[in-house]
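J.: dropping the sequence and predicted coords here.
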Amino acid sequence: MVKFSELIIVVEVTFLGTSGTLPTKERNQVAVHLRHNDNFILWDCGEGTQRQIAHTKTSAFKIDYIYISHLHADHLLGIGGLIQTMQFLGRKKDLVIYGPRGIEEYVKFFIDWDYRERGFKIEIREIFEGVLHEEEDYFIGAFPVKHNCVSYGFIFQEKPGLNLDKDKLKELGLLNNPKCRELKEKGVVSHLGREITVEEVAEPMRRGKKIVYSGDTVACSSLRKASEGADLLIADSAFGEEHRDKSREYMHGTAREMAELAKEAGVKKLVLIHFSNRYRDESLLEDEAREVFENSFAAKDLMKIEV
Ligand SMILES: [Zn+2]
Ligand SMILES: [Zn+2]
């Protein structure tokens, strides 16, 4: 049976945690969940990430790749709990964890500490600048950013491809029909006594979506370059203009600077994340960003965006 998701492409981002270093009542430490059809990825894994996942329709079991931007605790404290839960629930699939140098030591601590036999393999890989992982229809890349330790941002880049129009398929009685695959592969299919060509149901060639996640960083040139033409930029906006001095001290972005960067890079949508706990109302940061770049939004925990 053809899986619907292979024909109608799903690219979805869920903000599992949006706080800065200190979690608040409303915000969990950082974790961004990315779905591309049946592939599930995690960018950073702050404390309590598995509990945030429990509030969504996805499952920790589905996650095959975890990318840790840098080794500050607020970005990786959730790994231990997540691994243990996977272990308890009998995961069999391999899990790959990427992170800067030192990630192996950290993850191994949890692996060695646990007393149960693990039924799955954990592969730990060191991040480098460039393409880290490639699938048939997308790749994940990393680029260095500027923080007060070695820190990386990530790119999800979908490859151009053919997408079928859901409404037209429905009209023709082909929605969820195994003949869709044949149509995509051969370009023509016989259905209800007539020939249907792929041109009849195809959307214009899909350009391939691009999503960029800054990790912790000031607004820097490598982030600007990586963000060029992105459909979505998720950017460290820990501070507002009032605390610009703090942003320099701790090497984080401000909402306004990230908006300027998004505008220069021709980004379509900017989502601000990693807010300092001094901001009870994130709309202040959103407003500062919107003065420069209209399509800016302050993330909330469990917010979901289809890209
Ligand atoms: Zn952080
Ligand atoms: Zn940090």
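T.: On my side now, so go ahead. Ligands and ions are numbered 1, 2, ... in the order given.
J.: in the stretch 151-300 of the chain, what residue is nearest ligand 2?
T.: D216 (3.6 Å; C-beta to the ion). In short, each C-beta sits where N, CA and C put it, glycine included.
J.: which residue sits closest to that residue, ignoring its sequence neighbours?
T.: Nearest residue to D216 in three dimensions, chain neighbours excluded: H147, at 4.6 Å (C-beta to C-beta, 6 or more residues apart in numbering).
J.: do you know how far the one you found is from ligand 1?
T.: Per C-beta to the ion, to the nearest Å, H147 is found 8 Å from ligand 1.
J.: repeat for S227
T.: 19 Å.
J.: do the same with D231
T.: Distance of D231 to ligand 1, given as C-beta to the ion: 24 Å.
J.: what's the answer for K209, then?
T.: Distance, K209 to ligand 1, by C-beta to the ion: 26 Å.
J.: now do the contacts for that residue.
T.: V11, F156, Q157, E158, D231, L232, V307 (C-beta atoms under 8 Å, 6 or more residues apart in numbering).
J.: what do you get for E158?
T.: E158 is in contact with I9, V11, H36, D137, Y138, R206, G208, K209, K210, counting by C-beta under 8 Å, 6+ apart.
J.: how about the residues of this protein near ligand 1?
T.: The chain comes close to ligand 1 at residues D74, D216, as judged by C-beta under 5 Å from the ion.
J.: for the chain, which segments are assigned as helices?
T.: Taking DSSP state H to define them, one finds helices in the chain at 4-7, 49-54, 79-88, 103-113, 166-171, 179-186, 198-201, 221-226, 244-250, 255-264, 283-290.
J.: phi and psi next, for the residue in the chain sticking out farthest from the centre.
T.: Within the chain, the residue lying farthest from the chain centre (C-alpha atoms, centre = their mean) is G193, at 43.8 Å. With angles defined as degrees, to the nearest 10, G193 sits at phi 80, psi 10.
J.: how near is it to ligand 1?
T.: 60 Å.
J.: in the sheet, who's paired with the residue minimising distance to the centre of the chain?
T.: With distances taken as C-alpha atoms, centre = their mean, the residue of the chain nearest its centroid is L34 (3.7 Å). Bridge pairing for L34 (DSSP bridges) gives the partners V13, I41.
J.: so who does it touch?
T.: L34 makes contact with V11, E12, V13, F40, I41, L42, W43, F156, I211, according to C-beta under 8 Å, 6+ apart.
J.: my read: the first one touches I211, true?
T.: Think V11. Yes. V11 sits in contact with I211 when judged by C-beta atoms under 8 Å, with a separation of 7.5 Å.
J.: pretty sure T58 contacts R35?
T.: Yes. Under the criterion of C-beta under 8 Å, T58 makes contact with R35 at 7.1 Å.
J.: between those two, who's got more neighbours?
T.: R35 (20 against 16; other C-beta atoms under 10 Å).
J.: which residue sits closest to that one, ignoring its sequence neighbours?
T.: E12 (4.3 Å).
J.: okay, now that neighbour: neighbour count?
T.: Other residues near E12 come to 15 when the count uses other C-beta under 10 Å.
J.: one more: T254?
T.: Neighbours of T254 under the rule other C-beta under 10 Å: 26.
J.: look up how far L270 lies from it.
T.: To L270, T254 is 13 Å away according to C-beta to C-beta, to the nearest Å.
J.: about what we covered before: in ChimeraX, select just the buried ones from the contacts of L34.
T.: For the buried members of the contacts of L34, the matching ChimeraX selection, counting by 16 or more other C-beta atoms under 10 Å, is:
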select :11,13,40,41,42,43,156,211
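J.: thinking again about what came up before, among the contacts of E158, which are located in strands?
T.: Secondary structure from DSSP state E places V11, H36, Y138, K210 of the contacts of E158 in strands.
J.: contacts only, for the second one.
T.: Read that as H36. Contacts of H36 were listed using C-beta under 8 Å, 6+ apart, and they are I9, V10, V11, E135, D137, Y138, F156, E158.
J.: please redo it, this time with the cut-off set to 10 Å
T.: Applying C-beta atoms under 10 Å, 6 or more residues apart in numbering, we find H36 in contact with 5, 9-12, 135, 137-138, 140, 156, 158, 209, 211, 307.
J.: over to R244?
T.: Listed by C-beta under 10 Å, 6+ apart, the contact partners of R244 are T254, R256, E257.
J.: 6 Å instead, please
T.: Contact partners of R244, counting by C-beta atoms under 6 Å, 6 or more residues apart in numbering, are T254.
J.: from ligand 1, how far off is it?
T.: Taken as C-beta to the ion, the span from R244 to ligand 1 is 18 Å.
J.: relative to R224, how far out is that residue?
T.: Here the criterion is C-beta to C-beta. By it, R244 lies 18 Å from R224.
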